[in-house]
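> With the input below, show me the fold.
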Amino acid sequence: MENIALFRGEDSSNELADILSQDYKVVEFNTVYKFLYLCRHSFTGLLVIDSSFEENICFAIDTVRKLFTERIPILLVCHPQDLKVINPTQSEIDSFILYPLNRGELKLRIDLLFRFNHFVYDKLQDIRHRDEFFGRIGHDMSNPLVAVNRVLKHLNQGLYGCSLADISSVVDSVIENNNALLKFVSSLSSQAYLSALECDYQKVELVDIKEVMTAVAKQTQPLAQTKDLELKIEFASEFISGTSIWAEPTLIWRMAFNLVHNAIKYTNRGCILLSLYNLERDLVLHVEDTGVGISEEQLRFLIEPVVSIGRQGLRMGLRAIESIAQVHQANLQVACALSGGTVFCIPFRQNSDCSYGIEKYLMQEHSY
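Numbers count the residues shown, from 1 in each chain. From the prediction side, this is the model:
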């Protein structure tokens, strides 16, 4: 059973605690100090903050972020009017949900945070293991290269003889050694490319992208309202091959959510448009804003790895969104909107069997 630390006021309603206790191990706190004292800077689980919490919520979040080495996912539970005071886009909150509570929606939101946190933890572990791995192979590769360099130096000095017959066996050994190293480097390059686009193929299933976009619109609507932005969603009346794609649900949700979240964050007036349509046989996810826009010069430098870890938290940048899109047989396209702002398109290419997303042969190759 997953752990939840619940920050709430002493005199607040027990509704939230009662709902959480049905599915999780819940420990309640009415001050940050009690939480820090009990957990000793080490806590594995989710932090849920109710807006009834009597201490400054932004201060509480900042304190937890500074004092804990491992990142703790944070969910804010509040009333719509609280969003004017606590702006999720300007804080270290990972997600929020509004009263009145729906147990099913709350559980879904919490489970998504847990899944994504486990996903991030696994990726960080992979990075640590990878660094250790490449540190070791760097040492292992340097030894034969140093040996070859020494042989070539001696060869140049004539220590192995002066005729082709004298040095032939030495040259053959150098060539053989270098060929082995080239094969080794080639295999490492292939592994590095594949690991950059990792996907848990055991979790791939048919995901209705229309439902994902509808859910993301519902989740981000309150945030858009705090900035007086109109959030519009438009779907084509007909689709060539439906709107379902073979995808890893958590990855595809994070991709869509972050596109919309970024659009809201960088738009101060106007609207955000989410749309889904066919362009020829491609299924296109389209997010358009009326924000500050991006200059033509900046467009080609836009997709960079901007994931940060530590106090600033982990934020999926456009490079991560691009990687998720590539796994699902798509790519991220960015352009300037005619009316100002920015257009983000993710066209999913149709596979040979008329499906979208991850191809079936890849799922079969990774099944075990």
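> Could you measure from Thr220 over to Leu159?
Taking Cβ to Cβ, to the nearest Å as the measure, Thr220 falls 72 Å from Leu159. Yep, even glycine has a C-beta here, placed from its N, CA and C like the rest.
> More neighbours: these two, which one.
More neighbours surround Thr220 than the other of Thr220 and Leu159, with 22 against 11 (other Cβ atoms under 10 Å).
> Buried residues in the helix or strand harbouring the more buried one, which are they?
Secondary structure from DSSP states H and E places Thr220 in helix 209-226. With burial defined by 16 or more other Cβ atoms under 10 Å, the residues of helix 209-226 counted as buried are 209-210, 212-213, 215-217, 219-224, 226.
> again with stretch 255-271
In stretch 255-271, counting by 16+ other Cβ under 10 Å, buried: 255-265, 267, 270.
> Over to stretch 12-22?
Neighbour-count burial for stretch 12-22, with 16+ other Cβ under 10 Å as criterion, is recorded at 12, 16-17, 19-20.
> What separates the first and last residues of stretch 344-358, distance-wise?
Length of stretch 344-358, first residue to last, Cα to Cα, to the nearest Å: 21 Å.
> tell me the mean pLDDT for that stretch?
If you average the pLDDT over stretch 344-358, you get 93.
> Stretch 85-101 now?
Taken as a whole, stretch 85-101 has an average pLDDT of 81.
> Between the two ends of that stretch, what distance do you get?
End-to-end span of stretch 85-101 (Cα to Cα): 20 Å.
> How about stretch 22-42?
Note: stretch 22-42 ends 24 Å apart using Cα to Cα.
> Pull the residues that contact it.
Stretch 22-42 is contacted from outside by 1-10, 17, 20, 43, 45-46, 53-55, 59-60, 63-64, 67-70, 103, 107, 110, using Cβ atoms under 8 Å, 6 or more residues apart in numbering.
> out of the residues you listed, which are inside helices?
Residues of the contacts of stretch 22-42 located in helices (DSSP state H): 17, 20, 59-60, 63-64, 67, 103, 107, 110.
> ok, Ser275 - how many residues close by?
Ser275: 16 neighbours (other Cβ under 10 Å).
> Arg150 and Leu67: what is the separation?
Between Arg150 and Leu67 the distance, using Cβ to Cβ, works out to 52 Å.
> cool, Arg40 as well?
When Arg40 is compared with Leu67 (using Cβ to Cβ), they lie 10 Å apart.
> Next: Tyr160.
Tyr160 is 63 Å from Leu67, where distance means Cβ to Cβ.
> so what's Cys345 up against?
284-287, 332-335.
> Most neighbours among the residues you listed, which one?
Going by other Cβ under 10 Å, Leu285 tops the contacts of Cys345 with 26 neighbours.
> these two touch, right, that residue and Gly357?
No - applying Cβ atoms under 8 Å, one finds Leu285 not in contact with Gly357, separated by 11.7 Å.
> Identify the contacts common to these two.
Counting by Cβ under 8 Å, 6+ apart, the residues touching both Leu285 and Gly357 are Phe348.
> mind listing the strands in the stretch 251-368 of the chain by residue range?
Listed in chain order, the strands of the stretch 251-368 of the chain (DSSP state E, counting those that start in this stretch) span 271-279, 282-289, 333-336, 342-348.
> Break this protein down into its domains, please.
The record's domain split for the chain, according to automatic domain parsing, is 3-101, 124-196, 202-365.
> what's the least confident stretch among those?
domain 124-196 (a mean of 72).
> before we move on, back to that, of the buried residues of stretch 12-22, which is the nearest to Val170?
Within the buried residues of stretch 12-22, proximity to Val170 (Cβ to Cβ) peaks at Leu20, which comes in at 72.2 Å.
> State the distance from the residue nearest to the closest one when sequence neighbours are not counted to Tyr37.
Using Cβ to Cβ, 6 or more residues apart in numbering and skipping the chain neighbours, the partner closest in space to Leu20 is Val26 (4.8 Å). Distance, Val26 to Tyr37, by Cβ to Cβ: 18 Å.
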